[in-house]
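**Q** Here's a sequence, model it:
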Amino acid sequence: MPKTAAARRPMYGITRVDHERSRTHAWRVTIQRQGKVHVGHFSDGVFGSKPKALAAAKKYRDGLLSKFPPLTRKEYCSILRRNNRSGLAGVSYHAEVIETERGPVERRFWIARLPLQPWRTKLVKFSIAKYGAEEAFRRAVKARMDALEGLSGTFDPASADKPGRAQRQ
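**A** Okay, the predicted model is just below:
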């Protein structure tokens, strides 16, 4: 069973605020779910000590995570973006002109973006010249749906598997 973000990273969603000038010493919890940011502020003075404030912050964070669990990878990959024109996330139309020995040739196809592992995808193209527009689209949709069925786990935007990110300890 996969560990939660809090279990993998004990300080997940928790940051320390120490500002001498305003005499602010506290732990801040910030968790974002489905476009809404949930914030909690846990002052050392109110809770009696830095460790007690941290314990309260972790309890609050864990409550938020149980009330608002992270999206599954399948749910995340199914989010329809504003610029989508096909009506299905991960399926798009593409046309390009390539130069050949006989002059420019237009190639048109439907693309299915197949999620493999976190932050990696495979593009599969279905030629309209080969299959026709409707069949190329149908094949792209089927490839996308088949790929989504194979997804498991939760979406973690801070995943260490993301290219360009250092491994977290």
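
**Q** From now on I want contacts and neighbour counts done on CA atoms only, so please keep to that.
**A** OK.

**Q** Please enumerate the helices of the protein.
**A** Taking DSSP state H, the helices of the chain run over residues 5-8, 44-47, 50-67, 73-77, 128-131, 133-149.

**Q** List just the one of these that sits closest to Ile31.
**A** Among the helices of the chain, the nearest to Ile31 by Cα to Cα is helix 50-67 (7.6 Å).

**Q** Would you indicate which residues of that closest one are buried?
**A** For helix 50-67, a neighbour-count test (16 or more other Cα atoms under 10 Å) marks Lys50, Lys52, Ala53, Leu54, Ala56, Ala57, Lys58, Tyr60, Arg61, Asp62, Leu64, Leu65 as buried.

**Q** what's the closest of the residues you listed to Asp18?
**A** Lys50 (10.9 Å).

**Q** coming back round to it: can you redo the buried residues of helix 50-67 as TSV with pLDDT and distance to Tyr76?
**A** Output for those, formatted as TSV (pLDDT from 0 to 100; distance: Cα to Cα, whole Å):
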residue	pLDDT	distance to Tyr76
Lys50	96	36
Lys52	97	35
Ala53	97	33
Leu54	96	31
Ala56	97	30
Ala57	97	27
Lys58	96	26
Tyr60	96	25
Arg61	95	22
Asp62	94	21
Leu64	93	19
Leu65	91	17
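
**Q** With distance to Ala129 added, can I get these in a markdown table?
**A** Putting the buried residues of helix 50-67 into a markdown table (distance: Cα to Cα, whole Å) gives the following:
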| residue | distance to Ala129 |
| --- | --- |
| Lys50 | 67 |
| Lys52 | 67 |
| Ala53 | 64 |
| Leu54 | 62 |
| Ala56 | 62 |
| Ala57 | 59 |
| Lys58 | 57 |
| Tyr60 | 57 |
| Arg61 | 53 |
| Asp62 | 53 |
| Leu64 | 51 |
| Leu65 | 49 |
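
**Q** what's the farthest-apart pair in those residues?
**A** The largest separation in the buried residues of helix 50-67, counting by Cα to Cα, is between Lys50 and Leu65 at 22.3 Å.

**Q** By mean pLDDT, which helix or strand of this protein comes out lowest?
**A** Within the chain, confidence by mean pLDDT, DSSP states H and E is lowest for helix 5-8 among all helices and strands, at a mean of 60.

**Q** got the buried residues for the top strand by length along the chain?
**A** Longest strand in the chain by number of residues (criterion: DSSP state E): strand 103-115. Under the neighbour-count criterion of 16+ other Cα under 10 Å, strand 103-115 has Arg108, Phe109, Trp110, Ile111, Ala112, Arg113, Leu114, Pro115 buried.
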